[in-house]
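Colleague: A structural model of the following input is requested.
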Amino acid sequence: MALNCGIIGLTNTGKTTIFNCMSNTKAESSNYAFSATKSNKGVVNVPDPRLYELDKLLPADKLVPATVEIVDLPGLAKGASQGEGVGNKFLADVQQTDALIHVLRCFDDDNLPHIEGSVDPVRDLEIVNFELQVRDLDLVLRKLQRLEKLAKTGNKEAKKGIEVLTIYKEHLENFGNASTAPVNEGDEEYIHDLLLLTAKPVIYVCNVDDASAISGNAYVDKVKAALPDDAKILVIAGELEAEIAELEEDEDRKAFLEDAGLTEPGVNKLIRAAYDVLNLQSFFTIGKTENRAWTIRKGMTAPEAAGVIHSDLERGFIRAEVMSYEDFIRYGSEQAVKEAGKFRVEGKSYIVQDGDILHIRFNI
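Modeller: Next up, the predicted model:
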């Protein structure tokens, strides 16, 4: 799946530290503002205990988790929409992402100066939002100009587009994000081609000190108070996560987590949240050669899911033989699932469910 999450935030918030904890690609982090001039890309394995439970019942030579792409974007600064810092190149990179992970600095560190002179995550949030809104407003105004020319020729669709885009324009001018513009359902199609930055789903990450990893701190409280109740907010201690990520042995990681009072690395929760906010889910294929989790969009049909494995499987799709993860674990084998009457044969219209175990029958 060619979907990705972009990690954004002001410079020196700990974005790259968190990226390195998540990704199989390591990027260089620095205490100096604007030291990063390009985006870092990495593929992240999605933590899914179900895959390992399946492997216990049917061991395979190879275990392959689902993945999602994460992009660490250069640190933003006030005035980016006018070219400050890495400016418009950064904002253009943000446009190419499908969802955003917004890292907010919620820790004090005298050795890591804040670009604004003090730690204030709510102010930082407002700075980043403003820069994204300015960029979006510029894109909306440009499209409005194009549609106004078309409308003069009598194009009715252009007139409707002007009505919708005017709502977005006024909302952005009043410091609102495109995602909360008061438009009717379906009107989003008029901004789809613009890839508006503030229309993307967002996960907010409060990057805290080690001592605040479990319960957060006063900075986190301010962030929660400033954001809507339904905002996705995670608390992660970036430096602590970096230490965990450096440990190679599972037992060492487990002991480290226990000492820190954690049940799992915070980045695992972040990866799963990113997977969910991208509207993704997993299905499994199992066998002696390989047990694998595959990434698909929610709502995909069986042929579309088959195409994720290989285009030939979608083109020649006949049927999908389906077991749920829960049934396979409960009964312990494919044969036992069949005997329990839980084994299903599904056709082209079947919508694949999260955790389905599929065997695709095809002919080309």
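Colleague: what ranges do the helices span in the stretch 1-150 of the chain?
Modeller: Assigned by DSSP state H, counting those that start in this stretch, the stretch 1-150 of the chain shows helices spanning 15-22, 49-57, 87-95, 121-151.
Colleague: who's residue 207 bridged to?
Modeller: In this structure, residue 207 bridges to residue 105, residue 236 when assessed by DSSP bridges.
Colleague: Show me the shaky parts of this protein.
Modeller: 1-2, 24-37, 77, 79-90 (pLDDT under 70).
Colleague: Identify the residue nearest the geometric centre of it.
Modeller: residue 274 (3.1 Å; CA atoms, centre = their mean).
Colleague: before we move on, the earlier item: could you dump the helices of the stretch 1-150 of the chain into JSON lines with distance to residue 356 added?
Modeller: No exception for glycine: its C-beta is placed from N, CA and C like everyone else's. Listed next are the helices of the stretch 1-150 of the chain as JSON lines, based on distance: least, CB to CB, whole Å:
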{"stretch": "helix 15-22", "distance to residue 356": "26"}
{"stretch": "helix 49-57", "distance to residue 356": "11"}
{"stretch": "helix 87-95", "distance to residue 356": "33"}
{"stretch": "helix 121-151", "distance to residue 356": "37"}
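Colleague: for these, which one ends up most surrounded?
Modeller: Stretch with highest mean neighbour count among these: helix 15-22 (a mean of 26; mean count of other CB atoms under 10 Å).
Colleague: that older thread, just so I know, which of the helices of the stretch 1-150 of the chain lies nearest residue 285?
Modeller: Smallest distance to residue 285 across the helices of the stretch 1-150 of the chain (CB to CB): 10.0 Å, for helix 49-57.
Colleague: Please name the nearest non-neighbouring residue to residue 121.
Modeller: Nearest-residue entry for residue 121: residue 104, 4.0 Å, with adjacent residues in sequence omitted and distances by CB to CB, 6 or more residues apart in numbering.
Colleague: Contact partners for residue 130?
Modeller: Neighbouring residues of residue 130 by CB atoms under 8 Å, 6 or more residues apart in numbering: residue 175.
Colleague: Over to residue 21?
Modeller: Applying CB under 8 Å, 6+ apart, we find residue 21 in contact with 238, 241-242, 244-245, 265, 267.
Colleague: separation between it and residue 321?
Modeller: Residue 21 sits at a distance of 38 Å from residue 321 (criterion: CB to CB, to the nearest Å).
Colleague: shouldn't residue 232 be in contact with residue 205?
Modeller: No: between residue 232 and residue 205 there is no contact under CB atoms under 8 Å: 9.4 Å.
Colleague: who has more neighbours, these two?
Modeller: Set residue 232 next to residue 205 and count neighbours by other CB atoms under 10 Å: residue 205 wins out with 29 against 18.
Colleague: Got phi/psi on that one?
Modeller: Main-chain torsions, residue 205, degrees, to the nearest 10: phi -110, psi 120.
Colleague: Skip the chain neighbours and tell me the closest residue to residue 187.
Modeller: Leaving aside its sequence neighbours, residue 187 sits nearest to residue 164 (CB to CB, 6+ apart; 4.7 Å).
Colleague: cool, and residue 233?
Modeller: Leaving aside its chain neighbours, residue 233 sits nearest to residue 204 (4.7 Å; criterion: CB to CB, 6+ apart).
Colleague: now swap in residue 173 and tell me
Modeller: Distances taken as CB to CB, 6+ apart place residue 137 nearest to residue 173, at 6.6 Å, with adjacent residues excluded.
Colleague: what residues are up against residue 200?
Modeller: Residues in contact with residue 200 (CB under 8 Å, 6+ apart) are 97-100, 179.
Colleague: Ranking by neighbours, what's the top pick from the residues you listed?
Modeller: For the contacts of residue 200, the largest number of neighbours (other CB under 10 Å) sits with residue 100, at 25 neighbours.
Colleague: in terms of contact, does that residue touch residue 201 like I think?
Modeller: Yes: if you go by CB under 8 Å, residue 100 and residue 201 touch, sitting 7.3 Å apart.
Colleague: Which parts of this protein are strands?
Modeller: Here the chain has its strands, by DSSP state E, at 4-8, 40-45, 62-64, 67-72, 99-106, 202-208, 232-236, 280-285, 290-297, 317-324, 344-346, 356-362.
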